[in-house]
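Chemist: sequence below, structure please.
(chains A and B)
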Amino acid sequence: MTAPTTGTLDQVKAPTTTGVRGGRRPSWRRRWLRRDLLGVLPFFVFVAIFLFIPTLVVIIGAFAGDDGRPTLDNISALADGYIVDAFVRSITLSAVTAVLGAAIGALVGYAVVTAGPDSLVRRIVTSACGVLAQFGGVTLAFAFIATIGLSGFVTVFLHDHLGIDIFAGGVWLFDLPGLVLVYTYFQIPLMVIVFLPALDGIRPQWRDATESLGGSTWYYWRHVAGPLLAPAFLGSTLLLFANAFSAYATAAALVSQGSPIVPLQIRSALTSEVLLGRENLGKAMALGMVVVVALVMWLYGLLQRRTTRWLD
Amino acid sequence: MAGLRQRRARRQRTLRWIVVTLFAVLVLLPLYAMFEFTTRGAGDSFTWETWRVFFDWGTLAETYPILWTGMKASFWLVLLSVTLTLVLLVPTVVWVRLRLPRLRRLVEFISLLPLTIPAIVLVVGLAPVYAWVVYFIGGSSVTLFFAYTILALPFAYRAIDAGLSAIDVRTLSEAARSLGSSWATVMWRVVLPNIRSAVLSAAFLTVALVLGEFTIASLLNRDNIQVAVNQLGKSSATMSVAVSLAALVLAFVLLFLLSFAGRRRYRERKTS
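Modeler: Here you go, the predicted structure:
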């Protein structure tokens, strides 16, 4: 506890309760405010060191040359073919898996919501989703290698019993198609988690009202639930996009050759010992990522505000 | 009306079972595949060998020193990250609500900021900061808990803020203050017991996050369980898959228990 332990505004306002603290000079308000600020000082110092300084390092580095002088070389290097390709691939991968994950996740979420807020089904599904969404990374990559890797359970089963060779056209698991599959796998649970509150906000009474007025199920979804859920659905899809775009661990564990997406490009820029001066190019790419994610999160915030208007 | 509603409930139940069953298959298939993979012996035979080694910690430490280092580091990382997250966030959020309401938007914005900055970007900027950390307190993998606390901020903030929204902190603390308790007492004996499930939820989310973190540890060349698993994947795939599976199951159990801890608050809110 670092918060100052004396004095509250209400005590000063009502001096009868604390006779001891009478006779303050007029500047008490400012002085108390300064004392109050001490209580949040540790938090701000901590985020300054471990969040703001790193962000500044990235931004400054993106605009600095090898000699430390300001330059736009790194930024203009982002227009290089292979970096543009990496960004395009990253954005495509994120968009495709976000849409797939959002559609399937919304369906799973709806199915869970119909079971009631305290049901065992809901509890198990949300816990499982929490694990799978948070726990992506290396674990998930290995799970998929064990499942549909070259000697994976499903691969072997399909080959031995049904005569299907899923890798007939090449080992796609360790390339972009594999990333789409594994990313979708952790996008679905994330969608379930972020979309559940919106689904909870839908009142059964609205459906009763629609039906008692003669509306069909289709009419209800088309004109009542659909429009109400749309902002939340779009917002969640954006969140999923940002999530996939930021993901690194799964790709790092799965992709063994080349750097098809931006996070892997950043890694190779950081760890490259062959080409010097690539570190600041890595920072420029990192800045590019921040710009994309910040844009998406800003849109998400807008949609979120629309959603909360009727959710409560 | 009642007939309609019954028919709808029946339809929904059918849909629910179909969707939930498909989802369960989707989730369980990789888990089963992992299990099958770890129990695969020579010539397609079944063996418990991997799991026997996994639970025999002496042998495990001897056979897979990387794994053992990683597990130890992750254990301390979990402990320190959870402690720092709670010690930093709970008093700050409470204090802002009580005394500095104007800062609330700012603290919220900062706390949610790490969602906008991908870990791979953060690691780029963290490298020089960690050069100083190494200079002052050494280069142990355990120092990563500073960075992990940042990663956990958005999730922990949301949990704690939601918990505080459910109670009237101001009235409670004013009552306690007017009866003569110090701020420390207010915090420890009035506010904390009232947001216990929110704090628990923040802690568990942090645990899950730290156990699964790979990006920062790997790129700063530190060891944690995920880095170890990834390295082990190249030499002894079975053990690395076994550790992955165990970590998944552990995290699931944690979050499942958490869903019970959160239930009480939900019921109370509903009846009020």
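Chemist: pLDDT below threshold where in the stretch 101-250 of chain A?
Modeler: A:135-136, A:169-170 (pLDDT under 70).
Chemist: if we go to 90?
Modeler: With pLDDT under 90 as the threshold, the stretch 101-250 of chain A has low-confidence stretches at A:109-179, A:181-187, A:189-236, A:239, A:242-244, A:246-250.
Chemist: show me where it has its strands.
Modeler: The residue ranges that make up strands in the stretch 101-250 of chain A, judged by DSSP state E, counting those that start in this stretch, are empty, as it has none.
Chemist: all helices for it, in order.
Modeler: For the stretch 101-250 of chain A, the helices identified by DSSP state H, counting those that start in this stretch occupy A:120-134, A:137-148, A:153-157, A:176-200, A:204-212, A:217-220, A:226-246, A:249-254, in order along the chain.
Chemist: for the stretch 1-150 of chain B, same thing?
Modeler: B:2-38, B:49-55, B:57-63, B:65-99, B:104-112, B:119-137, B:145-165.
Chemist: helices or strands next to the last one in the packing?
Modeler: Pointing back at helix B:145-165 there. Using 3 or more CB pairs under 8 Å, 6 or more residues apart in numbering or on different chains; DSSP states H and E as the contact criterion, the elements in contact with helix B:145-165 are helix A:41-47, helix B:65-99, helix B:104-112, helix B:119-137, helix B:196-212, helix B:215-219. All C-beta spots, glycine's among them, are computed from the backbone N, C-alpha and C.
Chemist: between the helix or strand just after the shortest one and helix B:196-212, how big is the angle?
Modeler: Scanning forward in sequence from helix B:215-219, with DSSP states H and E defining helices and strands, the next element found is helix B:225-235. Counting by axes from the mean of the first three to the mean of the last three CA atoms, to 10 degrees, helix B:225-235 lies at 30 degrees to helix B:196-212.
Chemist: what's downstream of helix B:225-235, the next helix or strand?
Modeler: helix B:237-261.
Chemist: so is that next one next to chain A?
Modeler: Yes. In this structure, helix B:237-261 sits against chain A according to CB under 8 Å from any CB of the partner chain; the contacting residues are B:237, B:240-241, B:244-245, B:247-248, B:251-252, B:255-256, B:258-260.
Chemist: returning to that earlier point: which of the helices of the stretch 1-150 of chain B is buried the deepest?
Modeler: Mean neighbour count (mean count of other CB atoms under 10 Å in any protein chain shown) peaks for helix B:145-165 among those, with a mean of 22.
Chemist: quick check: buried residues in the very next helix or strand once past that one?
Modeler: Using DSSP H and E, the helix or strand that follows helix B:145-165 towards the C-terminus is helix B:169-178. Residues of helix B:169-178 classed as buried: B:169, B:173-174, B:176-177 (neighbour count, 16 or more other CB atoms under 10 Å in any protein chain shown).
Chemist: circling back to that earlier point, save the helices and strands packed on helix B:145-165 as a markdown table, and put in mean pLDDT and distance to A:Trp221 too.
Modeler: Shown next, in a markdown table, are the helices and strands packed on helix B:145-165 (pLDDT from 0 to 100; distance: least, CB to CB, whole Å):
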| stretch | mean pLDDT | distance to A:Trp221 |
| --- | --- | --- |
| helix A:41-47 | 92 | 44 |
| helix B:65-99 | 90 | 39 |
| helix B:104-112 | 89 | 32 |
| helix B:119-137 | 87 | 38 |
| helix B:196-212 | 84 | 33 |
| helix B:215-219 | 89 | 40 |
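Chemist: out of the ones you listed, which comes closest to A:Val171?
Modeler: Proximity to A:Val171 (CB to CB) singles out helix B:215-219 among these, at 23.7 Å.
Chemist: residues in contact with the closest one?
Modeler: Around helix B:215-219, the neighbours that count as contacts under CB atoms under 8 Å, 6 or more residues apart in numbering or on different chains are A:137, A:248-249, A:252, A:267, A:270-271, B:119-120, B:122-123, B:126, B:141, B:144, B:147-148, B:151, B:222-224, B:226-227, B:230.
Chemist: sticking with whichever residue of the stretch 51-200 of chain A sits closest to chain B, tell me its helix or strand.
Modeler: With CB to the nearest CB as the measure, A:Pro54 is the residue of the stretch 51-200 of chain A nearest to chain B, at 2.8 Å. Using DSSP H and E, the element containing A:Pro54 is helix A:53-62.
Chemist: who are the packing partners of that helix?
Modeler: Helix A:53-62 makes packing contacts with helix A:73-77, helix A:279-311, helix B:119-137 when contacts are defined by 3+ CB pairs under 8 Å, 6+ apart.
Chemist: of all the ones you listed, which lies closest to B:Leu106?
Modeler: Across the helices and strands packed on helix A:53-62, the minimum distance to B:Leu106, taken as CB to CB, is reached by helix A:279-311, at 15.1 Å.
Chemist: tell me which residue of the stretch 201-312 of chain A lies closest to chain B.
Modeler: When CB to the nearest CB is the measure, the stretch 201-312 of chain A has its nearest residue to chain B at A:Ser246, with 3.4 Å between them.
Chemist: can you pull the contacts of the most centrally placed residue in chain A?
Modeler: The geometric centre of chain A, computed from its C-alpha atoms, lies nearest to A:Asn243 (CA atoms, centre = their mean), at 3.5 Å. Applying CB under 8 Å, 6+ apart to A:Asn243 gives the contacts A:98, A:187, A:190.
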